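[1] Here's my sequence, what's the structure:
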Amino acid sequence: MSLTEIANILGKPYFQAPNCLIYNMDCLEALKLLPDQFVDLTVTSPPYNIGKEYEKSLG
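    Down below sits the predicted model:
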């Protein structure tokens, strides 16, 4: 699938560069719009602001 086809499905990207489209949208909603078997891997950041301590100060 080309970047043009992806843009036709998801709309105008937040940022675009050669071979790269970045969308500022709910990833679950975006994934629902893409064809089955399209995504091989999704990498996310941990949820923030939920009270979990991720790093401790070394000082």
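
[2] all contacts plus neighbour counts: C-alpha atoms, from now on.
    OK.

[3] residue ranges for the strands of the protein, please.
    In the chain, the strands defined using DSSP state E lie at 15-17, 20-22.

[4] Tabulate those strands in a markdown table, adding columns for mean pLDDT and mean neighbour count.
    Converted to a markdown table, the strands of the chain look like this (pLDDT from 0 to 100; neighbours: other C-alpha atoms under 10 Å):
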| stretch | mean pLDDT | mean neighbour count |
| --- | --- | --- |
| strand 15-17 | 95 | 10 |
| strand 20-22 | 92 | 12 |
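
[5] Kindly reformat those strands as a markdown table containing distance to Ser45.
    Shown next, in a markdown table, are these (distance: least, C-alpha to C-alpha, whole Å):
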| stretch | distance to Ser45 |
| --- | --- |
| strand 15-17 | 19 |
| strand 20-22 | 16 |
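
[6] Can you pull up the most central residue in the protein?
    Cys27 (5.4 Å; C-alpha atoms, centre = their mean).

[7] And it, how close does it get to Thr44?
    To Thr44, Cys27 is 10 Å away according to C-alpha to C-alpha, to the nearest Å.

[8] now Lys32
    Taken as C-alpha to C-alpha, the span from Lys32 to Thr44 is 17 Å.

[9] give me the number of residues near Ala30?
    Using other C-alpha atoms under 10 Å, Ala30 has 13 other residues around it.

[10] Leaving out sequence neighbours, find the closest residue to it.
    Among residues not flanking Ala30 along the chain, Leu10 sits closest, at 6.8 Å (C-alpha to C-alpha, 6 or more residues apart in numbering).

[11] What is the burial count for the one you found?
    By other C-alpha under 10 Å, neighbour count at Leu10 equals 16.

[12] pLDDT at it, what is it?
    In this model, Leu10 is scored at 95, pLDDT.

[13] The chain: helices as residue ranges?
    3-10, 27-33 (DSSP state H).

[14] so where is this structure shaky, pLDDT-wise?
    Applying pLDDT under 70 to the chain flags residues 46-59.

[15] how about a cut-off of 90?
    Residues of the chain meeting the criterion pLDDT under 90: 1-2, 26-28, 31, 36-59.

[16] wouldn't Phe15 be in contact with Ala7 here?
    No. With contacts counted by C-alpha atoms under 8 Å, Phe15 stays clear of Ala7, the gap being 11.3 Å.
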